[in-house]
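Undergrad: Following is a predicted model, sequence given first.
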Amino acid sequence: MDVSQYLEIFLDETNEHLQNLNTQILSLEQDPENMDTINEIFRAAHSLKGMAGTMGYKRMQTLTHDMENVFSEVRNGNIKVNADMIDVLFQCLDALEEYNTNIRESSDEGTNDNGALIKRLNNIMSGGSDEEGEKASPVSEAPKDSPVQVDSQDSQKFREIKLNENQQNVLKEADRQGKMVYGLTVKVQESCILKAARAFLVFKAIEETSEIIVSDPSSQDIEDEKFDLYFSLIIISEEELDKIVNAAKSVSEIEDVIGGVLNMNDVNSAKEQEEDDAEAPQTAAAQSSVRQEKPANEAPVQAEAPQVQPAVQDQAPAPVSTPAPAAKKPAANKPVVNRTVRVDIEKLDTLMNLVSELIIAKNSLVSASTMSGNSSPAVNEQIEYLESVTTSLHESVMKVRMVPIESTVNKFPRMVRDLQKKLGKKMELYMSGEETELDRTVVDQIGDPLMHLLRNSADHGLESAEVRKERGKPEVGSIFLDAYQDGNNVVIEVRDDGNGIDTKAVKNKAIERGVITPEQGENMSDKEIIDLLFNAGFSTAKVVSDVSGRGVGLDVVKSMIESLSGEVEVKSKLGEGSTWTIRLPLTLAIIQALMVDIGDEKYAISLGSIQTIEDISPSDVKLVQAKEVIQLRDLVIPLVRLSDILDIPSKKNPEDNLVVVIVKKGDKQAGLVVDELIGQQEIVIKSLGKYISKCKIISGATVLGDGEVALILDANTLI
Amino acid sequence: MEELRVVGESTQFIVIKLGDEQYGIDIKYIDNIVRMQHITRVPKVDAYLKGVINLRGEVIPVMSIRIKMGLEPDVETKSSRIIILKLEQQGTIGVIVDEVKEVVTLENENIEKMAYDSKDEKASFLFGVGKCEGGLISLLDLNSVVLESV
C-alpha cells in the first residue's frame, strides 16, 4: 500500500509523540514512581511503534517496541526506574529523532539499527519475563468479557458515552417498546490506514439491523478520522447482540468489537452519582471490572427507568459515568480529544493576504468617500461599521496564526539536562509563560536563537559547582526562561544567576582582536562593551567547547532576531548573572503606523517605535560634535533630518518650527525631522522584494487607500 | 494576415521600442503590461531602479532599461508602458519601455545569436538578433538586464 501521502501526518505526529516522551521522561526522572507518567510514556511509545509499523519503518518499530517492553515491565512493577535507565531512554529518543529526521529528508529511516541501544534495553528488561511485552502489544486480541489489563479501560468505552436528554428519551422509548439497547465498542486494527472508511463500513453493517442512537466520538469526528483506535456506539435493535457484533466484526481491519447490554439504569445512574458522590458506583462502572471497587449487580435490569431529573439533564450533554473516582483513572489515560483542525500554514497565509487586501480596500473606500466630499451620514456609518468588522477580522485571523511558544521551548529542559551532563555543572531550568502566543512563523524561528542563549548561559554564564560554593551561591545554578506579553510585543527573557559578563575581559579581548582600539576602549561604557559581544567572530570563552565558544553564536542570535523585526538586549552584573531580553512584535503583517510627509513623499513610521512627537523651534537645535541635537526633558537627543537621508528637498521653510518624531530603540533615542504629520493608520506591510534589498532604512512598503505605495521607515536603523 | 508556420521551432517575442531601436522580450517571461503609473521612489538605491508600484495590491519594483543600458533617461509619454516580468531568480519586476508594438513569432532559424563583443556594453544585454518583416529586432537577455550591477 502506498503510504507516502500519510508521511506528513506521520512526521507531525511522531514529533508530537517524541516531544511528549521527552517531557514525560524528564518528569519521570524527578518522580520515578508516578504511574500516570509511566502510563503516558507507555502509551506514546506504543503509538509510535504502531505508526512506524504502519509506515513500514522496521528499525524504528523495533526500537520503540523494545522501549515499550521496558515500560510494560516498569508498569507491572517488575523493574524500577533508575538513572541509568533514564539515560538509555533519552538515547533512544535521540535515535528515534534521528530516524525521524532521516525520514523527513529522504522518506527513508536510514540504516542505523541502533543495535547497542536495543541490547541495553534488553539488559534492563532481563529481569522481567518476555511474555509481558507480548501481552502489551496490540496484536493480542482482547477476548470479550475477560479483557486483558491493557485493554480493559478501553474495551467498555461505550459506557462512558454522554447522552443528552433527547437521546435518553429515545432510549427509554425503545426500552418501553421492548427493544434492546446495546453498547458497542469497536477497535480498529492499529495498522488500519483508512480508519474512517472502516468505521463507515461498521456503521453500515450495524444499521442494517439496528438504529444507531449516538456514537463517541461523534459521527462527524469519525468521518474526519478524529479518533484513536476505538469508537463506541449506542444502538437500539431487536436482534441478538451477538449477531450485531459479528456483523461489525466481519468488516475487515476491525480488530475487535465488544458489545454489552445497556440498561436504562446505566443511563441515569451517573446523575445520581453526580448528586451524591458518596453513593456506590452503579452498573456503569460495574463492567469496567479491573478498577471496580464495590460489587455491583451486573444482571441486566429491564426495569422502567427511574424518575427523570430535568435539572441535571438540562446541562446536556451531561457526563454519564465520569464522577465515580474509580472511573476517573482510566479517563486520565484517555487522550483528550482536541476540537482542532490541522490547517496548512499556507492556507493561513492566503487568508492573511486576503484580509490585508480587504484592509487596503477599506482604506480606499475611506479615502474615496472623503475625497468626493459629499459623504452622507449613512455612508459614514457603514464605513465605520466596515472598519470595525475588518479590524476584528484581522484580529481573529491573527489569533488563528498565533501558537503558544510551548512547542518551541518544550525541548529546552531536555537540552539543559544534556548540557548538565556534558559540562559537568549542576543547573536547573525554570520556565514560565510557555503559553505566551506568537505568530506561527516567529515561533518556528525563535527556537535557534533561544537555544543559543541558553547554551551560552549554561556554558559561559554559570560557574562550576565549586566556584559557586566558594561564592556562597547555591551549588545548582539556575537558568530562567520567562515569556510574557508586553503591549504589542512579546518579551522572552533568558536569565541566569551565574557569573555575569566580565566587561574587562570582553574589552581586552576586543582590543586583542582589533575590534576596537585601546583608546576607544577607554571611553566605552559597560553597555557598549557588552554590545561588542554581538559582533561576528567574538567569543570570550577561553576554550572552544562543544557547546559554545566558536564565536558564531551571538551575532547569529542578533541577526536572526532582527530578521523577525525584534531586538535583543543584555543586562549583566558581574558575579550576579546576566539577563538577555528578546523583544518581538506580535505580528509581522499589519501594524499601526504614523504617516508623515517628507517633501513630496509619504512615509510610514511604525507606531511601536515612536515615543513622542515634539514641536521644536529651530533655535533650540544645538550642535554637539558637529551633529544636530535637541535637549528634551534633560535628555540630549540627536536629530536626524529625514529629508537629507532620503534625498528629498524639504518643503518647509527653515525658519518654521520643526516637527520631530522621537523614536527609541532600547535605551537610545533619536529625533526624526519630518515636514508634516498626516495621521495614524493601520497599514499592511509588504516586502520590497529581494530585488531592492540595498536600502536598509526602508523596512518595507504599504499600499495606501488611494492605491499609492508608501515606504515604511525602519526607525531602528536611523538611531 | 501572416500565415502560421508549423515548421521548425519558434519563439514568440513582444516587440518594444526604446528610442528608435526595436527590442524583443521573450513572451514566456511576461506576466502583464500596464500603463505608466506613479512610481514611488525608493531612496538610496541604484539609479536604474526607479522605485516601486502597486500592482493589484502587490508591491513590485520597477527598473529603467534605458538607464541600465546607458541610454538617455526615460521620458514619459502616452505610449510608455511598464512590462511586468516574472523571472525565476529575481521574482516579479517591472521594466519601463517607450512603446509596446506587437507580438512576433520568430523561427529559430531567423534568430541570429550575437557574436559576443565584451567591449560593447549594450550588446551584453542581448542574446541575439531576430529578423522579421518589420526589420531587425534586438533580443533582450533579461537575466543580464535585470541582474544587479555590482
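TA: Now that the structure is in, tell me what you want to look at.
Undergrad: Spatially central residue for the chain, please.
TA: Using chain A here. A:Ser407 (3.5 Å; Cα atoms, centre = their mean).
Undergrad: To clarify, I was referring to chain B.
TA: Short answer for chain B (Cα atoms, centre = their mean): B:Ile25, at 5.0 Å.
Undergrad: which parts of chain B sit against chain A?
TA: By Cβ under 8 Å from any Cβ of the partner chain, the residues of chain B that approach chain A are B:38, B:40-46, B:49, B:51-54, B:57-61, B:90-93, B:146, B:148. To be clear about C-beta, it is placed using only N, CA and C from the backbone, and glycine gets the same treatment.
Undergrad: After the host helix or strand of the residue nearest to the centre of chain A, which helix or strand is next? Please name it.
TA: When secondary structure is defined by DSSP states H and E, A:Ser407 falls within helix A:406-409. Following helix A:406-409 in sequence order, the next helix or strand is helix A:412-423 (DSSP H and E).
Undergrad: what's that following helix packed up against?
TA: Applying 3 or more Cβ pairs under 8 Å, 6 or more residues apart in numbering or on different chains; DSSP states H and E, one finds that helix A:412-423 contacts helix A:7-30, helix A:83-106, strand A:427-432, helix A:440-456.
Undergrad: Helix A:440-456 and that one, what's the angle between them?
TA: Per axes from the mean of the first three to the mean of the last three Cα atoms, to 10 degrees, the angle that helix A:412-423 makes with helix A:440-456 is 20 degrees.
Undergrad: Show me which residues of helix A:412-423 are buried.
TA: A:412-414, A:416-417, A:419-420, A:423 (16 or more other Cβ atoms under 10 Å in any protein chain shown).
Undergrad: next one: that helix to chain centre, how far?
TA: 21 Å (Cα atoms, centre = their mean, to the nearest Å).
Undergrad: Pull the CA coordinates from that helix and hand them back as CSV.
TA: This file holds the C-alpha atoms of helix A:412-423, laid out as CSV (Å, rounded to 0.1, in the frame of the first residue of the first chain):
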residue,chain,number,x,y,z
PHE,A,412,14.8,23.0,26.3
PRO,A,413,14.5,21.1,29.6
ARG,A,414,15.9,18.1,27.9
MET,A,415,18.7,20.2,26.3
VAL,A,416,19.6,21.7,29.7
ARG,A,417,19.7,18.2,31.2
ASP,A,418,22.1,17.1,28.5
LEU,A,419,24.2,20.2,28.9
GLN,A,420,24.4,19.5,32.6
LYS,A,421,26.0,16.1,31.9
LYS,A,422,28.2,17.4,29.2
LEU,A,423,29.5,20.4,31.0
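Undergrad: show me the contacts for the residue in the stretch 451-600 of chain A positioned nearest to chain B.
TA: With Cβ to the nearest Cβ, the shortest gap between the stretch 451-600 of chain A and chain B falls at A:Asp600, namely 9.2 Å. Applying Cβ atoms under 8 Å, 6 or more residues apart in numbering or on different chains to A:Asp600 gives the contacts A:648, A:651.
Undergrad: so what's the backbone phi/psi at it?
TA: Backbone torsions of A:Asp600, given as degrees, to the nearest 10, read phi -90, psi 0.
Undergrad: what separates it from A:Gln681, distance-wise?
TA: Using Cβ to Cβ, to the nearest Å, A:Asp600 is found at 19 Å from A:Gln681.
Undergrad: And A:Ser606, by the same measure?
TA: According to Cβ to Cβ, A:Ser606 and A:Gln681 sit 11 Å apart.
Undergrad: any shared contact partners between these two?
TA: Shared contacts of A:Ser606 and A:Gln681, defined by Cβ under 8 Å, 6+ apart, comprise A:592-594.
Undergrad: Highest neighbour count among those residues?
TA: Within the shared contacts of A:Ser606 and A:Gln681, neighbour counts (other Cβ atoms under 10 Å in any protein chain shown) peak at A:Ala593, which reaches 24 neighbours.
Undergrad: how about it, phi and psi?
TA: According to degrees, to the nearest 10, the main-chain angles of A:Ala593 amount to phi -140, psi 160.
Undergrad: what about the residue nearest to it when sequence neighbours are not counted, neighbour count?
TA: Spatial nearest neighbour of A:Ala593, chain neighbours left out: A:Ala604 (4.1 Å); criterion: Cβ to Cβ, 6 or more residues apart in numbering or on different chains. Neighbours of A:Ala604 under the rule other Cβ under 10 Å: 24.
Undergrad: A:Ala604 against A:Leu713, yeah?
TA: Yes - using Cβ atoms under 8 Å, A:Ala604 is in contact with A:Leu713, at 6.9 Å.
Undergrad: what sits opposite A:Val636 in the beta ladder?
TA: A:Gln631 (DSSP bridges).
Undergrad: thinking again about what came up before, any chance of CSV for the helices and strands packed on helix A:412-423, columns mean neighbour count and mean pLDDT?
TA: CSV is the format used below for those (neighbours: other Cβ atoms under 10 Å in any protein chain shown; pLDDT from 0 to 100):
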stretch, mean neighbour count, mean pLDDT
helix A:7-30, 17, 80
helix A:83-106, 17, 81
strand A:427-432, 17, 88
helix A:440-456, 20, 83
